[in-house]
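>>> Attaching a predicted model along with its sequence, questions to come.
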Amino acid sequence: MKTSIATVSISGDLKEKLHAIAKAGFDGVEIFENDFLAFDESPRQVGQMVRDYGLEITLFQPFRDFEGMPEPLRSRTFDRAERKFDLMQEMGTDLVLVCSNVSSAALGGIDRAAADFFELGERAAKRGLRVGYEALAWGRHIHDHRDAWEIVRRADHPNIGLILDSFHTLSRKIDVNSIRSIPKEKIFIIQLADAPLIDMDLLYWSRHFRNMPGEGDLPVLDFMNAVAATGYDGYLSLEIFNDQFRGGSPTAIAVDGRRSLVYLGDQVRRAVSGSNLTLAPMPPRAEVEGVAFIEFTVDEAEISALSDRLRGLGFRHVGRHKTKRVDVFRQGGINLVVNADQGGFAGASYALHGQSAYAMGLWVGDAQAALARAVALGAERFEQSLDPGEIEMPAIRGIGGGILYFLDRQSPLGRIWEIEFDPVEDSADLQPVGLTGIDHVAQSMKYDELLTWLLFYTAILDAHKTPMVDIIDPAGVVRSQVVENDPGTLRITLNGAENRNTLAGHFIAETFGSGIQHLAFATDDIFATASALSANGFVTLAISPNYYDDLEARFGLDPDFTERLKAHNILYDRDEHGEYFQLYSPTYGEGFFFEIVQRSGYRGYGAANAIFRIAALRRHLRPIGLPKR
Ligand SMILES: O=C(O)c1ccc(O)c(O)c1
Ligand SMILES: [Mg+2]
């Protein structure tokens with residue numbers, strides 16, 4: 001598989017773009033005319049710069065409004081084409097993309113267009129150049145790759161071929177099976193883009209909302225499988241028009257792009273045997289069996305406050321690390337690690353972010369395989385030196401520079417608590433409150449990073465993403481998407497904050513980066529849990545009484561039931577699958593909190609309640625300007 005990306009997909013000037021593209025490991029680049037025109041060097045120098053970066057120019061584009069023009073426009077278009085051919089030869093590329101004509105002057109007719117392309121093919125052949133024709137989804141006469149293919153077929157010229165762009169085909173829901181019978185030599189290049197399903201004008205959707213394959217909702221894999229069936233073995237080239245990417249980090253966007261293609265290649269390899277559009281085999285996506293632990297980094301002075309809080313939530317101190325200042329608290333299947341070790345990464349993370357849940361361990365079938373897959377997908381491996389008796393735990397860098405560990409039960413990792421920890425008896429006489437596991441882990445990040453982490457998780461783990469939900473915070477909107485698996489053993493909610501005034505935005509800004517903002521524990525009986533919490537002296541988040549009046553009316557609840565919810569500050573929601581109960585802690589520090597949920601079939605995360613609990617959570621935040629606690 002050879003990978004390429006269009007310069008339009010990346011932020012910066014041409015040199016910055018090329019730098020990021022080369023660094024991310026692409027083989028080629030599509031030069032967008034505007035990126036060249038806005039740059040100060042000659043075509044020859046630009047071509048040399050591309051090659052100095054070790055890249056090939058896969059094509060030059062776009063050449064617009066060519067086919068079907070009446071005279072005198074027709075002659076002028078050919079003159080224009082000759083000028084571009086000059087430029088291409090100086091730059092050192094042999095392929096130009098002609099996108100279908102959008103001009104109101106354009107005349108229709110497959111044969112007329114085919115004749116124009118035959119003539120262009122003759123002119124291109126004289127210079128050893130090739131022309132690829134792409135149907136824009138909004139082209140005036142040609143907006144379907146099947147018609148573009150018919151024109152190319154009738155032009156019947158070796159220097160004229162077809163360019164397929166997944167966006168144009170999939171946005172119009174054109175049957176991808178029509179691709180299978182196109183001869184592979186007539187497909188000059190494949191352009192790839194995904195997009196979120198939004199009902200809007202095709203041109204606007206294409207120019208502003210495209211994203212990397214796997215980041216959106218289009219069936220890009222079906223498109224690719226059809227392409228693979230032709231035997232096509234040329235470049236896969238990303239062409240992503242996206243407002244956010246234009247303003248984003250060139251390196252981060254390039255890395256995401258390359259990851260999206262590697263992941264796509266892996267999916268094609270599994271679907272189409274013998275396809276050339278793949279890379280070296282890698283292990284399958286890791287099936288997550290559950291969250292093995294969440295680890296907090298704390299300062300020595302904070303240990304007792306955090307430990308007391310966890311005890312109030314019903315956790316028992318059950319283990320102390322044999323060599324490090326690390327404790328483990330447990331309840332049901334939940335392990336919370338409190339790490340006050342000054343050396344090592346936990347200490348470094350504390351120095352940067354303060355007290356935080358900086359690491360997460362996941363139970364998978366094969367931890368080494370999960371690591372190998374992550375690394376093949378460009379994740380950064382995390383390693384640190386071990387004390388005698390410690391076992392090495394495969395790990396990668398995750399959100400906000402935090403750590404994602406993989407554990408399995410087939411290696412000593414399955415006995416990590418016995419091997420590395422000494423058992424202890426908790427001296428406090430507080431009681432468990434019935435927490436059984438982790439329902440979900442919520443990570444907050446800037447909205448710009450949301451797609452990056454969605455792709456990261458879904459490419460490495462056997463999980464899918466849910467549609468985007470708007471979380472209404474009194475200070476702005478937070479966009480939320482969930483990565484979850486079918487058995488419900490993995491649920492990570494990703495919250496993308498657009499401004500720093502929201503609860504999520506405050507957390508990111510004041511802790512210097514993205515990370516786990518809340519942990520939601522599961523219970524089978526929220527009322528019993530609430531009573532047990534109160535017996536432990538744990539004060540839950542107070543919810544406005546107004547919420548309950550509305551709730552009762554909205555769901556037609558029994559007043560006694562509403563009273564019980566209200567007495568315990570429990571929020572309630574319902575969908576067609578079942579009921580959902582939620583209970584919150586106050587926020588701590590810069591906005592970290594705990595949630596406790598009971599779900600009976602319910603599939604969501606209580607988005608309808610978000611505004612009410614966020615309003616309540618915010619009351620505990622330090623107002624900006626006052627010193628940190
Ligand atoms: O939006 C456009 O005009 C445009 C131009 C060239 C392309 O390859 C494309 O897919 C879209
Ligand atoms: Mg295109």
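Structure received. Residues are numbered from 1 along each chain as shown. Ligands and ions are numbered 1, 2, ... in the order given.

>>> any weak-confidence spans in the protein?
Low-confidence regions of the chain, defined by pLDDT under 70, span residues 622-629.

>>> Nearest residue to whatever residue of it ends up closest to ligand 2 in space, ignoring adjacent ones along the chain?
Nearest residue of the chain to ligand 2: Asp165, at 3.5 Å (Cβ to the ion). Backbone N, C-alpha and C define where each C-beta goes, glycine included. Excluding the flanking residues, the one nearest Asp165 by Cβ to Cβ, 6 or more residues apart in numbering is Gln191, at 4.0 Å.

>>> What residues does that neighbour make contact with?
Listed by Cβ atoms under 8 Å, 6 or more residues apart in numbering, the contact set of Gln191 reads Ala6, Glu30, Glu134, Ile163, Leu164, Asp165, Ser166, Phe167, Ser237, Leu238, Glu239.

>>> Tell me the secondary structure at the closest residue to Pro559 other than its chain neighbours.
Counting by Cβ to Cβ, 6+ apart, the nearest residue to Pro559 once its immediate chain neighbours are dropped is Glu552, at 6.5 Å. The three-state label given to Glu552 by DSSP: H, G, I helix; E, B strand; the rest coil is helix.

>>> Run through the helices of the stretch 101-250 of the chain in chain order.
Using DSSP state H, counting those that start in this stretch, the helices of the stretch 101-250 of the chain run over 110-126, 145-155, 166-171, 202-209, 220-229, 243-246, 250-271.

>>> Among those, which comes closest to Leu352?
Evaluated with Cβ to Cβ, these place helix 250-271 nearest to Leu352, the distance being 18.9 Å.

>>> The closest one: how far from the chain's middle?
The gap between where helix 250-271 is centred and where its chain is centred comes out at 11 Å by Cα atoms, centre = their mean, to the nearest Å.

>>> still on that earlier bit, most packed of the helices of the stretch 101-250 of the chain?
helix 166-171 (a mean of 24; mean count of other Cβ atoms under 10 Å).

>>> contacting residues around the residue of the stretch 251-400 of the chain found nearest ligand 1?
When you check the stretch 251-400 of the chain against ligand 1 by Cβ to the nearest ligand atom, the closest residue turns out to be Gly257, at 15.5 Å. With contacts defined as Cβ under 8 Å, 6+ apart, the neighbours of Gly257 are Ile5, Ser9, Ala24, Phe26, Met212, Leu238, Ile240.

>>> quick one: it from Ser11, how far?
As judged by Cβ to Cβ, to the nearest Å, Gly257 and Ser11 stand 12 Å apart.

>>> Same check on Lys186?
When distance is defined by Cβ to Cβ, Lys186 is 34 Å away from Ser11.

>>> ok, now Leu336?
Taking Cβ to Cβ as the measure, Leu336 falls 39 Å from Ser11.

>>> The residue of the chain found nearest ligand 1: helix or strand, and which one exactly?
Closest to ligand 1 within the chain is Pro62: 3.9 Å, counting by Cβ to the nearest ligand atom. Assigned by DSSP states H and E, Pro62 falls within strand 56-63.

>>> circling back: isn't the residue of the chain closest to ligand 2 right up against Ala193?
Yes: contact status for Asp165 versus Ala193: in contact at 7.0 Å, counting by Cβ atoms under 8 Å.

>>> if I pick the residue nearest to Gly365 when sequence neighbours are not counted, what's in contact with it?
Computed as Cβ to Cβ, 6+ apart, the closest residue to Gly365 that is not its neighbour in sequence is Glu287, at 5.6 Å. Contacts were defined as Cβ under 8 Å, 6+ apart; by that measure Glu287 touches Val364, Gly365, Leu461, Asp462, Asn485.
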